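Novice: show me how the following folds:
(2 chains)
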Amino acid sequence: DAKTTQPTSMDCAEGRAANLPCNHSTISGNEYVYWYRQIHSQGPQYIIHGLKNNETNEMASLIITEDRKSSTLILPHATLRDTAVYYCIVRVANSNSGYALNFGKGTSLLVTP
Amino acid sequence: GAVVSQHPSRVICKSGTSVKIECRSLDFQATTMFWYRQFPKQSLMLMATSNEGSKATYEQGVEKDKFLINHASLTLSTLTVTSAHPEDSSFYICSARSKKADTFGSGTRLTVV
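Specialist: Reported below is the predicted structural model:
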């Protein structure tokens, strides 16, 4: 799996958009960008994933640069409950892999009132 | 959406006893499940990969005779911590793989006294 680089921590005011960057300059053509988050003392939660097109679901939007070397997870209206550690993981599609997810250190997002 | 139930959520046991943790995929079948361990302020560390009907694959440094994994059906994997010691106290998390993404349980907080 390609290596990813994320900032250690970020702050965001409640109600504002939280933009979480991820660099993955060695990503391969068949590797997807996955985002998970872990709220304190809970299991990780799947957020979104994409290959090259931008993706949006009820939780977030994923913007992938044209060269696919970086991406941004956007929480459009952050709430206090979005405070968590966010993990950007690059790997082949689930259906093509028997390997586990490799969790790095992630970005600790603090949403403040 | 995909749901994984992990039980118990927390357990306290005496040194030398064994503890069994269950991981169930409630609304999908999972050929592959994973077991992770997480110490305070650290990221998730993979312990083993569990494939239905076959022996689990353990990561380097994880004792297979101490951490017994059984994956007898497509919806259930169990982790048994045998002869538990205080250093086994940790947060144990399972996940089940579907085509879309890995779904995680809510975790089990094990305290060995």
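Novice: what does chain B put close to chain A?
Specialist: Applying Cβ under 8 Å from any Cβ of the partner chain, we find that chain B lies next to chain A at B:4, B:6, B:32, B:34, B:36, B:43-44, B:46, B:49, B:51, B:91, B:93-95, B:97-107, B:109. All C-beta spots, glycine's among them, are computed from the backbone N, C-alpha and C.
Novice: narrow the residues you listed to those in strands?
Specialist: Applying DSSP state E to the residues of chain B next to chain A, the entries found in strands are B:4, B:6, B:32, B:34, B:36, B:46, B:49, B:51, B:91, B:93-95, B:97, B:102-104, B:109.
Novice: which of those are buried?
Specialist: B:4, B:6, B:32, B:34, B:36, B:46, B:49, B:51, B:91, B:93-95, B:97, B:102-104 (16 or more other Cβ atoms under 10 Å in any protein chain shown).
Novice: residues contacting residue 11?
Specialist: Using chain A here. A:D11 sits next to A:L109, A:L110, A:V111, A:T112 when contact means Cβ atoms under 8 Å, 6 or more residues apart in numbering or on different chains.
Novice: hmm, no, I was thinking of chain B.
Specialist: By Cβ under 8 Å, 6+ apart, B:V11 lies in contact with B:V19, B:I21, B:T108, B:R109, B:L110, B:T111.
Novice: helix/strand/coil for the second one?
Specialist: Translated: B:I21. Of the three states, B:I21 takes strand under DSSP: H, G, I helix; E, B strand; the rest coil.
Novice: bridging residues for it?
Specialist: B:L79 (DSSP bridges).
Novice: do you know how far the residue nearest the centre of chain A is from B:V11?
Specialist: The centroid of chain A falls nearest to A:W35 when counting by Cα atoms, centre = their mean (3.2 Å). According to Cβ to Cβ, to the nearest Å, A:W35 and B:V11 sit 31 Å apart.
Novice: equivalent analysis for B:V4, please.
Specialist: 18 Å.
Novice: and what of A:V92?
Specialist: Distance from A:V92 to B:V11, by Cβ to Cβ: 36 Å.
Novice: of the buried ones among the ones in strands among the residues of chain B next to chain A, which pair is most distant in space?
Specialist: B:N51 and B:F91 (23.5 Å; Cβ to Cβ).
Novice: up against chain B, what does chain A have?
Specialist: Going by Cβ under 8 Å from any Cβ, the residues of chain A near chain B are A:34, A:38, A:41-46, A:49, A:87, A:93-95, A:98-106.
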